[in-house]
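K.L.:
the sequence isn't on hand, but the structure is:
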């Protein structure tokens, strides 16, 4: 259902059919989709952009298979992962960038094992869940995997300039929407030039400063624009070392760049600041050598061969009140592998925010229409959003499988928090209500829809008894019906 317009092509269903494959070794796969125009609200990419749907299908299929085979959710995933020696792995289908879907690198099992340990999967099944059941509470656990396609082309560019003041200017054409680009790009340049991050100024998405850029989407900022910043900074570094060698009378390999200065490693008293060197790099009198470029400045562009693939595992514990159909997330764990981590705090913020989006996808957010196509919940009086009471603090850990497709080894992280949330939520709900035989095969749910599923399951099995007190510890304050 594309809605009344199609502003972004077939990206969303393509993402769904590609992301469905996940981290698993799938020898046979065929998919077909039909996209239709309707008189509803247009559908266009937002965080996840169709990936949630594909992951939901695969993870629910694995849960059904595990139940029929008598395996736990961890074991069936362990048995079906791609191995590290199977990379790069060509799925032989086309991704959203019109290039083959090839996974660049990955090592999925350590993330699964770490997430299971962090959430206490075995202890929960062995001790916590039975004890809660005996006390009349319904607790459930979910653990799911995903792969996120990130860092697609075509390109981004960057210019790095050392000014006579010693300040460093960085300009790139990529737009920014609050992902921490200013900090991340400054860190990349700081590491190359040995300049304190406070002395680096970053400009993004301003055509008056840098005319070329593609955009912020598909978790590509750090991968593509970050790599361009790195390449430009490395070229400036080469100029600094070459000129510093002449000025200080030492070979380039004997020079260090630290604290905004070029220092001779064998005689640290001999040094020159980058600002002074920038002045010398712009001679205003006399002859210069042929081919000399003025200033300490460089522009570089980076376009990846194909997208890089981040991955991870989400696990959660939920408590469900079977009488009111209110579900409360007690714990949420994410182990994410985005290759080299530039800034852990930014990555963790991206994941925390993504999980909030994912919880909305799973249990709250849905546009409801009547039979005439009239939207019924067009205001926040009726449209449910997760609040701070519904979104837990996420416990996180980082894997590190560097990408071979860019010099930094980074992979994207922008959509990782929301992609598998619905699948993990559904598995946890199933587990909490296993005695009723509830099976969640749809997202988004809502408290009302979950209530309908519980009642349908009870009608199908009228002898099923509720817990002793008929509740799961009570409805949380402010819970919405």
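P.N.:
Sure, I can see it. All values reported here derive from a predicted model rather than from experimental measurement.

K.L.:
can you give me the strands in the stretch 351-481 of the chain?
P.N.:
Secondary structure of the stretch 351-481 of the chain (DSSP state E, counting those that start in this stretch): strands located at 395-399.

K.L.:
can you list the low-confidence ranges for it?
P.N.:
Residue ranges of the stretch 351-481 of the chain with pLDDT under 70: 462-481.

K.L.:
all the helices of the stretch 1-150 of the chain, residue numbers only.
P.N.:
Along the stretch 1-150 of the chain, counting by DSSP state H, counting those that start in this stretch, helices occupy 11-19, 51-69, 73-80, 108-119, 121-123, 129-134.

K.L.:
need the contact partners of the one helix or strand residue 183 maps to.
P.N.:
Assigned by DSSP states H and E, residue 183 belongs to helix 181-193. Where contact means C-beta atoms under 8 Å, 6 or more residues apart in numbering, the residues beyond helix 181-193 that reach it are 158, 160, 162, 168, 170, 172, 174, 176, 195-197, 200, 202, 204, 221-222, 225-226, 229-230, 232-234, 236-237, 240, 257, 274, 342-343, 346, 408. Every C-beta, even on glycine, is put in place using the N, C-alpha and C of the backbone.

K.L.:
same question, stretch 120-127
P.N.:
Looking at what lies outside stretch 120-127 - C-beta under 8 Å, 6+ apart - the contacts are 72, 74, 116, 128, 139, 141, 143, 315, 317.

K.L.:
who wins on neighbours among those residues?
P.N.:
Counting neighbours by other C-beta atoms under 10 Å, residue 315 leads the contacts of stretch 120-127 with 30 neighbours.

K.L.:
quick check: next helix or strand after the helix or strand hosting that residue?
P.N.:
Secondary structure from DSSP H and E places residue 315 in strand 308-321. Where DSSP H and E defines the elements, the next helix or strand beyond strand 308-321 is strand 326-337.

K.L.:
returning to that earlier point: distance to residue 266 added to the contacts of stretch 120-127, as CSV?
P.N.:
Below are the contacts of stretch 120-127 laid out as CSV (distance: C-beta to C-beta, whole Å):
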residue, distance to residue 266
72, 61
74, 55
116, 52
128, 62
139, 64
141, 60
143, 55
315, 53
317, 58
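
K.L.:
residue 454 and residue 433 touch, don't they?
P.N.:
Yes. Residue 454 lies in contact with residue 433 (C-beta atoms under 8 Å); the separation is 6.7 Å.

K.L.:
mutual contacts of the two, please.
P.N.:
residue 322.

K.L.:
phi first, then psi, for the residue lying closest to residue 429 once chain neighbours are set aside.
P.N.:
Excluding the flanking residues, the one nearest residue 429 by C-beta to C-beta, 6 or more residues apart in numbering is residue 440, at 5.3 Å. Backbone dihedrals for residue 440, given as degrees, to the nearest 10, come out at phi -90, psi 120.

K.L.:
residue contacts, residue 440?
P.N.:
Counting by C-beta under 8 Å, 6+ apart, residue 440 touches 60, 426, 429-430, 450, 453.

K.L.:
roughly how far does the residue lying closest to residue 450 once chain neighbours are set aside sit from residue 367?
P.N.:
Nearest residue to residue 450, sequence neighbours excluded (C-beta to C-beta, 6+ apart): residue 325, at 4.2 Å. Distance, residue 325 to residue 367, using C-beta to C-beta, to the nearest Å: 20 Å.

K.L.:
show me which of these two is the more surrounded one.
P.N.:
More neighbours surround residue 325 than the other of residue 325 and residue 367, with 23 against 13 (other C-beta under 10 Å).

K.L.:
close enough to count as contact, residue 326 and residue 318?
P.N.:
No. Checked against C-beta under 8 Å, the pair residue 326 and residue 318 is beyond contact range at 10.3 Å.
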